[in-house]
Structure formats: C-alpha cells, structure tokens
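*Asks:* sharing a model prediction with you, sequence too.
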Amino acid sequence: MTQDQIMKLISSMTLEEKAAQMTQLAPVNFGFNCVTPLTGPDSGLRIRPEFSASIGSVLNCGSAEDMIRIQKEHLENDPHKIPLLFMADVVHGFKTVFPIPLAVGCSFSPENAREAAQIAAEESSVSGIHVTFAPMADLVRDPRWGRVMESFGEDPLLNSRMCAAAVKGYQGSKLSSPYRTASCVKHFAAYGSPEGGREYNTVDLSDNELYNSYLPAYTAALEAGARMVMTAFNTVDLIPATASEKLINDILRKERHFNGPVISDYNSVGELIEHGAAENGYEAACKSLKAGVDIEMMSSHFCAHLRELVNNGQITEQMIDKAVLRILNLKNELGLFENPFKDASREAEASIHLSEKNREAARRIARESAVLLKNNGVLPVSFSGAPEKIGLTGPFASSPYILGGWSAGNQTGIPLYEGLCGRIPRECIRLEDCGQIGSCLEGNPDIPAPDASFYARFKDCGTVIVAAGEHQEDTGEGGSKAFLRLSPNQEKLIQQMSHSGKRVILILFSGRPLEIAPIEPYCDAILQAWFPGTESGNALAELITGAYNPSGRLSISFPYTVGQIPVYYNHYQTGRPKRQESTDTRYVSRYLDCPNEPLYCFGYGLSYSEFHYSNLQIRNSSHSLTASVTVTNVSDITGCETVQFYIRDLSASLVRPAAELKDFSKVHLTGGESKTVSFTITKEMLSFYKDGRKIFEDGYFLIMIGKNSAVTLKQKLYITEQQFKKETL
Ligand code: NOJ
C-alpha cells in the first residue's frame, strides 16, 4: 500500500475502529485456547462487539494453524479487512531453544546473538509470528531479579552490541522477506533495576545514570533498526514508564527519532490505577496516550474511553491517527496487506522447526556460552576406563527441563546424561538420580536428602559430576528470589560427596548468578552451564570431555553473598575506596564481614589453555590513538581468549565508573602462540552523558587491557579533544 492509501484507509475508520486497532488481545480473547501461559489478567476486558471485529494485534499465538484460523476469521469480519499483527515472546529461540540471553552474553559474540535471533525468526515466522518481543535491552545488576536471564548482562557496551546484533538477526534487511520478524525492544526504560530485585518494583535513578548506563542498549537496538518498543511496568523517577512523557515522547521520539509503534507492557495501562498514577481507566488511557503509547496490551481502556477522551478535548483525533498510522505502516512493511498470512505454513513448520542446522547452531552457541569458573585440573575429565566409572548425580543429571524461562512451554532439552553417553561409553557412567528439584511456587524447591547408602553407590568412581542448580521456573518474569544459595540438600550433596573422597565437578544450571561461595571449596571444578537450551547435554558433554575448550566469560558478576548486591564491576568510586596498601581498615568503603569484590567478576572465565598478557603499548599518531597488548597461550592446548579493553576517566565533571568496557576481541591461539591485539581509542569511548548531552572532557584516562574486569595491564594517559579532530560525537 502507498502512504496515500494508508491515510485514506485511516480517514475511513471510525474512532471505535481506531481504538480497536490500538488494542492487543490474546488468542483466548478470540475464543482460542492459549498455547503459551498468560503473564497477567486475561478476563474482564469487556471488549464490546463494535470493537472486536477491528482488533489490531494478537499476543502469543504460537502455531501456523491457529494463526491462519484467527486471521481468516478476522478478515471475514473486519469491515476494512486490515490484517491482524501477531506478536509473541520469542526470546531465546522458538522450537530450537538457545541458551538464555545472559548466557549468550557470556559468549562475548554478537554474531551468536544475531544467529540465534535469525533462527528464532525463521522458526517463529512459519508459525505465523510477525513481531517478536525481544531483545530485552534492560541492563541488570541484581541477580535476585528473575529476569536477569533475559538480559545480556551488566555491561552497557556488551548489552548494546548483543541487542543490536539480535535486532539484525530477527529483521534482516527487509521485513517483508520470508522468515523475518520485526523486533520489539523492551522494556523502556530501566526495568532491569527494580528495588530489592523484586519484580515490577520501583526504579529510581538519576538522569545521568539513566543516560550513561541504562539507555545505551535500547538506543543501540533502535539504531540497528528495531521497529517497535515496549514500555516497562516500573516507575522511573516516580512516574510509571507507560505514562512517562519524558521517556516516550521526549527521549524515545524526540531525542532518538523513533517513529515506530510503542506498545504498553501487559496491562501496564490498567496498572496505572494500581500505581496510584490514575484514578480510573479514563485517566489511565489519557495519560498513556499522551505519553505516546500506540498499542495497549491486554487491557481495554483505549477501547472504553477513546471517544470520550476525544470528545472532551483531552486527546486530539490527529494524535490517534498518528498512532494508527504507525501501526498500519508496520503491517504494510511486513507485507501483510498483500499476504496476511506471511510465512505461516504447517509444511514449513515441519521442515524448519528443530532442523539439524538449527540444532547445530544451538549446540555451538551453548558451548560458547558456558563459563568455567574453577578447575584444579579435574576437567576435562580424563577417563582411565574400566573398572573406574564417572559418577553423575544431582537434580539436573538426567533432567530435560533445562531450557530456562521464556522457552515456549513444554519443550525439553537433551539431558546431560544423554550428552555424556554420546562421548563416554554408557556403561562407564554411574548415573544415580537423586530426585527432581521443585520450583519455589510449588513450595518444594529442594531434592530429598540422600542417605549414606546413596554415597556408597559411587564406590567405583574417583570423580563425580554433580549437576545442581535452580528450577527453570524460578527464573524469568515473576522469578524474584531473596535467597540465592543452592537448596540445603544440594549443598549437602556436594559437601558429602567431597567428604567421601571424590573429586567433585559441579555443573551449575541457573538463570542467574547463584551464591556459591559456601560450596565452592568442596568443588574441584565448577562449570556454569546456565540454561543451555535444546542441545544442552550435547554441548556440555563436549566441554566436560575436552572436545571443546571452554571460552565463556561472565556477562554478570557473581556475588560473594546476597548482602553485596548490587555488586557490579563498573561501579563508581567512593571518596574512601578500600586500597590494598591502606592501613586504615575501618573508615573506608568496605564490609566488615565480607570482601567488597564479587566471588567472580564480570569478564571472568577460565579455559583449559592458559593465557599470559604482556607489553601494553599506547601508540599516538597524527591520525589514530591505539592501545595494544601481546597475548600468549602459555599452555599446549589450543584455546580462545576474550581480550577485554577497559577505560577509566580519572577526573571529570561527573564521577565516572571505576572501569568501563570499551571493546573486546576474541582470539584463537594454539599452544605457545602469541598475538598482538590492538584497540583503537575513539572520542566516543571517552565521552559520557551529562544532563542529557554527550560531552568530552580533556584529562587523564586509565587504559586497561586484560583477561577480565579485575585483572588488567594499565597505563595512564593524558588525552585532549585535539586528538580527535575528525571525530564528531
Ligand atoms: C509481560 C512481559 O513483561 C513482557 O516482556 C512480555 O513481552 C509480555 N508480558 C507479553 O508476554
């Protein structure tokens, strides 16, 4: 359709039809069973008949068959024959499930995020999905929050690169092309910072913090072309994000020039009343429309009050027309007016879902996302053969429920045991199941306590793999937790196993950093598996047996204890930092009963190889400023190292973080090999937002290159704006 045709169509619509176009309902509201669980209220929407024929979009319908039926029925009834837009949460894969985003962040490979998103778009588009509610660009620093799993982590740069890559993966270069879905970046803004880590809770940040830490990843997703934005449930500066003119109209539309549709989160328009930010549905609709929301998800205040709002002069019909135009433009760009079913096809579902190619990608990405946290030489397992066996136990030893939150319902992944059997003869593995772990909601988040006879069953095993963690349902939306330790009986299992003289390899399944300091001393090796997806067992078996050398690096810090949270590497320096050389042990910024540092910091991760850093050099020529380092693989095992480049602005008009990741590079090194890795220092890297404006200030900077955020080579350098004559911000 041309713009003129779309404008003409809009002018032929009644206000009721426009309100319906701006409303999103679930299949259940169209008389269908919901394939995926609803994450909020679904009744009481009271959509009157004059609206129901003209609804604009559908939430979380997950199969070609349902989509085709709903779309057909809709087109028969809609007076204007405007196709429905089908949107869904395709967060880390659709049928082929990839590791959770927090894990993909650990691969430090934007290409992995792109490829996972591209495959997710292929698989979901053939099931009739046009828009995916991903990526979640919320920066996260609090592992008590269940949704840390859905973020790429605690760092603005890593988060930005991953989100931009994911958007490109979903969308490709043309939305109407086969197997492409539009990307809806969420949740605008700062949903990742709820007080106390409690779901939906208040977010309170300074503007400088919002601009410097939280906005970059959303902005990167928009710059990569994300076509939609979702608001957030939380308040920012005491205004619910869904009613925030500052966030939507000012920051998103005016500053970032975003002109696509903005959708509320699930019932977040209605929730303005609960927040105490609107007296009733009329006011809730008014405030969110004024703020710039175009589509109301799973509440019906637009339908109920739009006419009255226009009649009372609160909202102009031009505002409504602009919102409808944005929605219809997206439908048009997806080619829905010509082909309302787009890629939906049962035959395509059969050939594309879980294809060999897709599973292979999932396996590779899972391998690259796991992080080796500890290894005293027990990994990779060296297996001397009969009569010795490798022990395997723990609630995740043979469990297929290892996909994590947002993994489309009842799908399963390859269990660890099955994967190991592909690499070690089955008869050489002593699998002893110790029971499943329940979820907190079910009220039984622990395994039964193993008795003495249980340990005796491992008598012919020198090494025992314990696959422990948290229930996948305890992660994702509504998955906040105040305690992050492993359940008591899992901790006992690890301790007892170690006390009984076994070498213990802990494989940790979780959607967040857990508090593992209490059991770390009893483990000879710890591999953080996260929730690795469909190919879980196969990928982990490759790492455990050394077929693949671990290369993941943490995208989020592991707290030493919950009491440290939030603990993140790019914190601000206090006026009384704790220094190694300081003799004052009291009047400094420290805990009396625990270290300031996390147990494992951002960027941390081991390999079966060992890498050595030397020779940090800064080169300052007339046309560029570069920092380089020599990285040597001092082992005889080929491996991959993620070289990390950090900067600290030593004196500025705003206090700047103790370190900020500015670039990274993955290098493959054979045993004994050395490579020089260089980073170009740009003006952009040294700049920051102050009062909403990006500025550069001359001064001293600390240049740091190293293997993680805590272990770097450092050099101080005075840098002036003159240096970057040609670069504009
Ligand atoms: C609520 C979640 O916050 C959001 O991320 C999701 O996209 C919607 N529900 C739809 O399922």
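*Replies:* Yep, that arrived. Numbering: from 1, shown residues only.

*Asks:* separation between the residue nearest to E16 when sequence neighbours are not counted and N29?
*Replies:* In space, and not counting its chain neighbours, E16 is closest to E50: 5.1 Å by CB to CB, 6 or more residues apart in numbering. Yep, even glycine has a C-beta here, placed from its N, CA and C like the rest. Distance, E50 to N29, using CB to CB, to the nearest Å: 15 Å.

*Asks:* and these two? which has more neighbours close in?
*Replies:* N29 (20 against 13; other CB atoms under 10 Å).

*Asks:* ok, now how distant is that one from N60?
*Replies:* Here the criterion is CB to CB. By it, N29 lies 11 Å from N60.

*Asks:* before we move on, what about H499?
*Replies:* Per CB to CB, H499 is found 48 Å from N60.

*Asks:* show me what contacts the residue in the stretch 301-450 of the chain that the ligand sits nearest to?
*Replies:* Closest contact between the stretch 301-450 of the chain and the ligand, by CB to the nearest ligand atom, is at W406 (8.4 Å). Taking CB atoms under 8 Å, 6 or more residues apart in numbering, we find W406 in contact with 89, 91-92, 150, 476-477.

*Asks:* repeat that with 10 Å
*Replies:* W406 makes contact with 36, 39, 89-93, 97, 100-101, 133-134, 136, 147, 149-150, 475-477, 511 under the criterion CB atoms under 10 Å, 6 or more residues apart in numbering.

*Asks:* circling back to that earlier point, overlap of the contact sets of N29 and N60?
*Replies:* Joint contacts of N29 and N60 (CB under 10 Å, 6+ apart) are M298.

*Asks:* show me what contacts the closest residue to the ligand within the stretch 401-550 of the chain?
*Replies:* In the stretch 401-550 of the chain, the residue that lies nearest the ligand is E477 (5.4 Å; CB to the nearest ligand atom). Neighbour list for E477: 39-40, 89, 145-147, 149-150, 199-200, 233, 266, 405-406 [criterion: CB under 10 Å, 6+ apart].

*Asks:* give me the distance between it and A449.
*Replies:* On the measure of CB to CB, E477 and A449 end up 31 Å apart.

*Asks:* do G172 as well
*Replies:* G172 is 52 Å from A449, where distance means CB to CB.

*Asks:* does any bit of stretch 130-144 sit next to the ligand?
*Replies:* Yes. With CB under 6 Å from any ligand atom as the criterion, the ligand is reached by stretch 130-144 at F133.

*Asks:* from the chain's centre, how far out does that stretch sit?
*Replies:* From the chain centre to the centre of stretch 130-144 is a distance of 5 Å (CA atoms, centre = their mean, to the nearest Å).

*Asks:* G501 and G146: what is the separation?
*Replies:* G501 sits at a distance of 37 Å from G146 (criterion: CB to CB).

*Asks:* cool, and I705?
*Replies:* 35 Å.

*Asks:* report the helix or strand with the lowest average pLDDT across this structure.
*Replies:* Counting by mean pLDDT, DSSP states H and E, the chain has its least confident helix or strand at helix 49-52, which shows a mean of 81.

*Asks:* residues in contact with that helix?
*Replies:* So helix 49-52 is contacted by 14, 16-17, 19-21, 23, 25, 29-30, 45, 74, 77-78, 300, 302-304, 306 (CB under 10 Å, 6+ apart).

*Asks:* and stretch 83-97 with the ligand, contact?
*Replies:* Yes. Remark: stretch 83-97 sits within contact range of the ligand at D89, by CB under 6 Å from any ligand atom.

*Asks:* and that stretch, which residues are buried?
*Replies:* Neighbour-count burial for stretch 83-97, counted by 16 or more other CB atoms under 10 Å, picks out 83-97.

*Asks:* try stretch 616-633
*Replies:* Quick answer for stretch 616-633 (16+ other CB under 10 Å): 616, 625, 627-629, 631-633.

*Asks:* same check on stretch 199-213?
*Replies:* Buried, per 16+ other CB under 10 Å, within stretch 199-213: 199-201, 203, 207, 209-213.
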